[in-house]
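Generate coordinates for the sequence data below:
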Amino acid sequence: MQTSDTPAGRGPRIGIWGTFDLENYGDMLFPLVIEEELARRLPEARLRRLAPVGAGRPNRFDAGRPAEDLGPWSPTRVAELADELDLVVVGGGEIIHTRDELLAPHYGRSPEEMVERAPSRFFIEGLGPDLEREVPVVWTSVGIPFDPEDGEVLRRALVHRPTITVRDEISRSRLEALGLEAQVVPDPILLLPRIWGPDLLERRLRHLRAMDWYPERGWTLIAQGNRAGLPQADETAAAIDRIVEGREDPTVVIVSTGPIHGDDAFAAALKEGLGARTILLPEAGLQDVAAAIAHADGFVGSSLHGNITAAAYGRPHAILGWGGESKLEGFAALLEAPESVARTPQDLPAAFEKMEARGPRPDVLATLQDRVEKHFDRVAELAREAAARRPGGAGEGEGDALRALGELRDAYEARGRLLALGRWAAADEAATQREEARALRDEVAWLRGTVGDLERDVADRDRRIEEILTSRSWRATAWLRALGRAGRRLLGRG
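The predicted structure is shown next:
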């Protein structure tokens with residue numbers, strides 16, 4: 001973020017690269033946290049968010065701020081980016097591999113196109129060591145999802161790196177097998193509560209409740225899974241029913257953190273199998289998902305960042321780990337909670353109960369957060385050094401061009417933020433109107449109930465009167481009533 005009193009082109013120009021164009025909760029949280037941490041340390045910096053495809057694909061999680069398109073890898077594109085940037089931050093996510101074809105279904109592109117675009121070359125090689133001006137590249141919370149198929153590619157790319165960081169011990173061991181040293185820096189999403197505090201999330205919770213997407217009271221469990229869990233959906237539902245059994249007024253709220261991973265299909269299957277009261281949270285934004293988890297009594301899911309969000313806000317959680325993903329095992333180890341991983345649906349209740357009994361561990365969380373903070377301190381230091389090495393900060397004529405480009409980019413980002421704020425304001429107003437409408441409906445229902453009670457009372461009295469008038473005793477005493485009327489007439493004449 002560039003301040004008004006900083007000459008354009010003088011502050012560090014930082015590119016933040018990752019899969020920030022995928023409709024996935026964790027992928028879209030990364031740039032928010034990374035940008036916030038860097039802007040806090042480098043208010044004069046210009047931050048650019050780039051991704052394999054960019055704004056070319058709709059995304060419920062982008063909040064009006066789509067990433068720029070990295071474009072297909074080529075020496076020309078690399079040289080162009082090197083002229084525009086002083087430092088590159090890559091991460092996070094399981095993006096350090098060369099199997100670009102695996103991204104194809106997530107982007108709705110053919111495997112051939114993704115191989116041609118070669119995003120892995122950007123993520124692994126960065127801007128390369130052969131350019132006229134070296135542009136340092138720093139990994140932030142990246143994972144290596146499987147043993148590298150071509151270790152020489154990694155060795156050649158990393159030999160000149162100022163620092164090599166990965167997000168878990170499993171990824172580090174895969175680099176060490178290649179003779180490369182790396183540090184483990186925990187996932188930056190652990191810092192999420194510093195960005196989205198209680199006031200903001202309370203507002204989002206109010207909106208969810210007004211939409212009847214979150215229970216007003218009772219014990220709440222957030223559940224999530226993806227298409228890999230579909231064969232176990234019924235068993236998972238049975239396990240969740242065991243978790244909520246005996247809780248006071250329980251509700252299971254099912255969220256989709258990864259539409260690209262088939263979360264919606266799993267959500268529908270899980271809802272079908274649950275015996276407990278269930279709410280299916282529809283297409284919610286990032287803050288809605290975070291608010292739902294942060295205010296719940298627990299979370300169970302296969303989403304790494306769903307579990308990280310729960311841990312960051314002090315909520316008990318259990319990891320659906322029967323997909324064998326190393327990132328989940330790695331996070332559990334970092335959290336010193338291997339018992340949080342359920343490897344079968346039958347293990348899930350015990351895993352959750354153990355984490356619930358253990359309670360929050362603020363000491364462990366603070367240690368992990370401190371390691372993330374120190375990493376960003378180091379990134380900021382590298383960015384300052386890289387900007388200082390740029391000849392003249394900006395050449396003659398270049399400053400005006402950079403200033404115009406920066407102003408255009410700032411305006412575009414501001415437009416996106418205004419659109420997002422407009423949507424939030426409209427959602428809040430809608431929530432207020434729905435709350436007022438609900439109160440009026442409740443009042444009308446009470447009035448209708450009262451009127452109904454009165455009408456039933458009147459009808460009951462009319463019925464009793466009719467019974468009296470048609471009774472035998474009433475008919476038998478008719479002569480007495482006639483005599484009484486005659487006596488009143490005589491007295492009246494007297």
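
Is Val138 part of a helix or strand, or is it coil?
Following DSSP: H, G, I helix; E, B strand; the rest coil, we place Val138 in the strand state.

Kindly report the same for Val289.
Classification of Val289 by three-state DSSP places it in helix.

residues near it, how many?
Val289: 24 surrounding residues under other C-beta atoms under 10 Å. Every residue, glycine included, has its C-beta placed from N, CA and C.

repeat for Leu178
If you count neighbours by other C-beta under 10 Å, Leu178 ends up with 14.

Am I right that it is in contact with Pro148?
Yes - assessed by C-beta atoms under 8 Å, Leu178 is found in contact with Pro148 at 6.7 Å.

which residues are common contacts for those two?
Leu154 (C-beta atoms under 8 Å, 6 or more residues apart in numbering).

Please enumerate the strands of the stretch 251-400 of the chain.
All strands of the stretch 251-400 of the chain, identified by DSSP state E, counting those that start in this stretch, fall at 251-254, 278-280, 298-301, 317-320, 341-342.

Give me whichever of the ones you listed is most buried.
Mean neighbours per residue, mean count of other C-beta atoms under 10 Å, is largest over the strands of the stretch 251-400 of the chain for strand 317-320, with a mean of 29.

for that one, the distance to its chain's centre please.
From the chain centre to the centre of strand 317-320 is a distance of 16 Å (C-alpha atoms, centre = their mean, to the nearest Å).

again with stretch 203-216
The chain centre lies 16 Å from the centre of stretch 203-216; the measure is C-alpha atoms, centre = their mean.

first to last residue in it, what's the distance?
Chord length of stretch 203-216, first to last residue, is 14 Å (C-alpha to C-alpha, to the nearest Å).

Pull out the buried residues from that stretch.
Arg203, Arg204, Leu205, Arg206, His207, Leu208, Arg209, Ala210, Met211, Trp213, Tyr214, Pro215 (16 or more other C-beta atoms under 10 Å).

for stretch 257-274, same thing?
Quick answer for stretch 257-274 (16+ other C-beta under 10 Å): 257-267, 269-271, 274.

Please apply the same query to stretch 152-167.
Neighbour count says stretch 152-167 has Val153, Leu154, Ala157, Leu158, Arg161, Ile164, Thr165, Val166, Arg167 buried, by 16+ other C-beta under 10 Å.

now do stretch 110-118
Along stretch 110-118, these residues count as buried under the neighbour rule (16+ other C-beta under 10 Å): Met114, Val115, Arg117, Ala118.

That one - what's its average pLDDT?
Taken as a whole, stretch 110-118 carries a mean pLDDT of 96.

residues in contact with that stretch?
Pro52, Val53, Leu70, Gly71, Pro72, Trp73, Asp100, Glu101, Leu103, Ala104, Tyr107.

Where does pLDDT dip in this protein?
For the chain, the stretches with pLDDT under 70 are 1-9, 129-133, 392-443, 445, 472-476, 478-482, 484, 486-488, 491-494.

Which residue, other than its chain neighbours, is closest to Gly275?
Leaving out its chain neighbours, the residue that sits closest to Gly275 by C-beta to C-beta, 6 or more residues apart in numbering is Asp241, at 5.0 Å.

okay, now that neighbour: neighbour count?
Residues near Asp241, counting by other C-beta under 10 Å, number 16.

got a list of what it touches?
Each residue near Asp241 by C-beta under 8 Å, 6+ apart is listed here: Leu274, Gly275, Ala276.

Please render the residues you listed as TSV that adds distance to Glu235 to the earlier fields.
Below are those laid out as TSV (distance: C-beta to C-beta, whole Å):
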residue	distance to Glu235
Leu274	12
Gly275	13
Ala276	15
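
Which members of the buried residues of stretch 152-167 occur in strands, if any?
Among the buried residues of stretch 152-167, the ones falling in strands (DSSP state E) are Thr165, Val166.

Out of the buried residues of stretch 152-167, flag the one nearest to Pro31.
Distance to Pro31 across those (C-beta to C-beta) is lowest for Arg167, with 15.8 Å.

Tell me the spacing between the nearest residue in space to the closest one that is not next to it in sequence and Leu29.
Once flanking residues are discounted, Arg167 sits nearest to Ser141: 4.2 Å by C-beta to C-beta, 6+ apart. Using C-beta to C-beta, to the nearest Å, one gets 11 Å for the distance from Ser141 to Leu29.

and if you look at Ile468?
From Ile468 to Leu29 the distance is 75 Å (C-beta to C-beta).

Same question for Ser74.
Ser74 sits 30 Å away from Leu29, going by C-beta to C-beta.

Okay, and His106 sits in which element?
Following DSSP states H and E, one finds His106 within helix 104-107.

and Gln232, what does it touch?
If a contact means C-beta under 8 Å, 6+ apart, then Gln232 has Trp322, Thr344, Pro345 as its contacts.

Of the residues you listed, keep whichever come out buried.
Listed as buried from the contacts of Gln232 are Trp322, Pro345; burial here means 16+ other C-beta under 10 Å.

any idea which of the contacts of Gln232 is closest to Glu373?
Proximity of those to Glu373 was ranked by C-beta to C-beta; the top entry is Trp322 with 33.7 Å.

for that closest one, what are its contacts?
Contacts for Trp322 (C-beta under 8 Å, 6+ apart) come out as Gly229, Gln232, Ala342, Arg343, Thr344, Pro345.

will you turn those into CSV that also has distance to Ala39?
Shown next, in CSV, are those (distance: C-beta to C-beta, whole Å):
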residue, distance to Ala39
Gly229, 37
Gln232, 42
Ala342, 38
Arg343, 40
Thr344, 44
Pro345, 43
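
Of all pairs in the residues you listed, which one is the farthest apart?
Gly229 and Arg343 (12.4 Å).

which one of those two has more residues nearby?
Legend: neighbour count by other C-beta under 10 Å for Gly229 and Arg343, higher for Gly229 (24 against 15).

wait, what's in contact with the more buried one?
The contact partners of Gly229, taken as C-beta under 8 Å, 6+ apart, are Thr236, Phe266, Ser302, Leu320, Trp322, Gly323.

wait, is it part of a helix?
Yes - Gly229 sits within a helix when classified using three-state DSSP.

any idea how far it is from Asp363?
For Gly229, the distance to Asp363 - C-beta to C-beta - is 32 Å.

Also Lys327?
Distance, Lys327 to Asp363, by C-beta to C-beta: 23 Å.

which one of these two has more residues nearby?
Remark: of Lys327 and Asp363, Lys327 carries more neighbours, 21 against 9, as counted by other C-beta under 10 Å.

I'd say the more buried one and Asp187 touch.
No - using C-beta under 8 Å, Lys327 is not in contact with Asp187; the gap is 9.1 Å.

ends of stretch 241-259, how far apart?
The separation between the terminal residues of stretch 241-259, taken as C-alpha to C-alpha, is 24 Å.

er, stretch 142-161 I mean
Stretch 142-161 end-to-end distance (C-alpha to C-alpha) = 15 Å.

what sits up against it?
Under the criterion C-beta under 8 Å, 6+ apart, residues 90-99, 123-126, 129, 134, 136-139, 164-168, 170-171, 174-175, 177-180, 325-327, 330 lie in contact with stretch 142-161.

which of the residues you listed count as buried?
Among the contacts of stretch 142-161, those classed as buried by 16+ other C-beta under 10 Å are 90-98, 123-126, 136-139, 164-168, 170-171, 174-175, 180, 325-327, 330.
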